[in-house]
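> from the sequence below, what's the structure:
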Amino acid sequence: MNPDVKETEFPDTSPSDFAPETNLSLEEPPLLPPASETETETSQQLKQVADRIYAFLSGLPDYLSDFFGEYRRPIITLGLIFGSIVSVKLTLALLGAINDIPLLAPTFELIGFAYTAWFIYRYLWRASNREELAASFGSLRDQVLGRGTPKI
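You can find the predicted model right below:
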């Protein structure tokens, strides 16, 4: 070893030097401070609020059934209007997505033109075919509205 290097001396440390000094006795638990009047008032107010919430929630099913019974027609009407708006929005979004696909929109347009030409040739070109179309519309109308069909 090198004689010029001195070994450093460390102070003698024992485990008792690192133990915290506590004066707690295991026989007596620490006491909590007494509750003040404001804490008891706050707990009473919280209990009153909880009781009101419980009373409201327990009567909620009866309230909702009475409300729905009284306003059934307007609620159904609003629901149908909302459903119609959502379905129109979804249809427009779907058509927009289809129009973005290359060659699909022009193909559908050609199919539509071909079907329109066939419909005009088949049902509108001659008078006898127009009468047939009017008769089939009348039959469909009677089936939908329930006219002319015997009830069993």
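> how many neighbours does Phe108 have?
By the criterion of other Cβ atoms under 10 Å, Phe108 has 13 neighbours. The way it works is simple: take the backbone N, C-alpha and C, and place the C-beta from them, glycine included.
> what sits against it?
Residues counted as contacts of Phe108 (Cβ atoms under 8 Å, 6 or more residues apart in numbering) are Ile98.
> all further residue positions should be reported with the first residue as 24.
Shifting the count to begin at 24 puts that one at Phe131.
> just want the most central residue of this structure.
Centroid-nearest residue in the chain, with Cα atoms, centre = their mean: Val109, separated by 14.2 Å.
> where's it relative to Gln68, distance?
Per Cβ to Cβ, to the nearest Å, Val109 is found 44 Å from Gln68.
> hey, where'd the helices end up in the chain?
60-93, 95-122, 127-142, 150-168 (DSSP state H).
> quick one: the third one to helix 150-168, angle?
With axes from the mean of the first three to the mean of the last three Cα atoms, to 10 degrees as the basis, helix 127-142 and helix 150-168 are set at 110 degrees to each other.
> flag the shaky bits of this structure, pLDDT-wise.
For the chain, the stretches flagged by pLDDT under 70 are 24-61, 171-175.
> count of residues packed around Gly102?
10.
> meant to ask about Val167
Neighbours around Val167, by other Cβ under 10 Å: 8.
> same thing with Glu155?
Around Glu155 sit 13 other residues, with neighbours defined as other Cβ under 10 Å.
> can you name the residues that contact it?
Contacts for Glu155 were tallied using Cβ under 8 Å, 6+ apart; they are Tyr146.
> now the residue nearest to the centre of the chain: how far from Pro129?
As judged by Cβ to Cβ, Val109 and Pro129 stand 29 Å apart.
> ok, now Tyr94?
Shown here: Tyr94 relative to Pro129, a distance of 49 Å by Cβ to Cβ.
> Ile99 now?
From Ile99 across to Pro129, the span is 42 Å (Cβ to Cβ).
> do the same with Asn122
10 Å.
> what of Leu80?
Taking Cβ to Cβ, one finds Leu80 at 59 Å from Pro129.
> number of residues surrounding Ala140?
10.
> should've said Gln67
For Gln67, the neighbour count with other Cβ under 10 Å is 10.
> over to the one 5 residues further on?
Val72 is surrounded by 10 other residues when neighbours are defined as other Cβ under 10 Å.
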